[in-house]
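Asker: Structural data only, the sequence is not supplied:
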């Protein structure tokens with residue numbers, strides 16, 4: 001079973017297409033749509049569930065119709081609309097250097113500041129505005145840290161840690 005922290009969001013399921021159980025996927029980036037995979041994970045009730053791809057047809061550069069195994073009619077497909085679509089982190093990161101700047105790839109990383117103090121784990125990335133934020137959680141504490149290369153001091157992919165320079169006053173004690 002794959003750990004949810006090893007998955008990255010790449011798309012959302014949209015409406016069913018036709019009567020044979022196809023779903024429309026809207027990808028966050030065209031590079032994600034071009035990834036070759038046999039399985040996608042749909043996040044159902046917070047749990048990533050694997051779905052085997054039976055057929056895949058591009059509609060535009062960022063949308064595709066996907067037929068999953070065992071989803072054979074419009075009613076079944078309708079149950080899977082509006083869900084986050086995930087892929088393994090390694091597959092997403094292998095797809096090219098230009099995608100390395102995708103802030104979602106740091107989800108699950110432990111953040112330490114310039115003094116070696118652990119601030120918590122990046123639980124999610126808020127990219128709803130132009131100012132992307134890491135949402136870092138440590139127990140019941142939550143820190144919003146700007147996701148910017150200017151703040152990143154070091155990245156340790158093996159240990160999944162991110163050392164950041166945190167300006168004074170950004171984190172409340």
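Answerer: That came through, no problem. What you see is a predicted model; the values in this text were computed from it and never measured. Numbering: from 1, shown residues only.
Asker: And the helices in this structure, which stretches?
Answerer: For the chain, the helices defined by DSSP state H cover 30-33, 74-78, 89-94.
Asker: can you pull the buried residues of the second one?
Answerer: By neighbour count on 16 or more other CB atoms under 10 Å, the buried set for helix 74-78 is 74, 77. All C-beta spots, glycine's among them, are computed from the backbone N, C-alpha and C.
Asker: related to what we said a few turns ago, go through the helices of the chain and name the closest to residue 130.
Answerer: helix 30-33 (20.0 Å; CB to CB).
Asker: contacting residues around the helix or strand of the chain with the lowest mean pLDDT?
Answerer: Least confident helix or strand, the chain: helix 89-94 with a mean of 77, by mean pLDDT, DSSP states H and E. Here helix 89-94 makes contact (CB atoms under 8 Å, 6 or more residues apart in numbering) with 6-8, 10, 32, 35, 37, 99-100, 102, 105.
Asker: Now a ChimeraX select for only the buried ones of those.
Answerer: Command for ChimeraX, covering only those of the contacts of helix 89-94 found buried under the criterion 16+ other CB under 10 Å:
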select :7,8,10,32,35,99,102,105
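Asker: I'd like the contacts of helix 89-94 as CSV, with pLDDT and distance to residue 63 appended.
Answerer: CSV is the format used below for the contacts of helix 89-94 (pLDDT from 0 to 100; distance: CB to CB, whole Å):
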residue, pLDDT, distance to residue 63
6, 80, 26
7, 85, 21
8, 84, 19
10, 88, 13
32, 86, 11
35, 88, 14
37, 90, 16
99, 42, 19
100, 41, 24
102, 76, 19
105, 81, 23
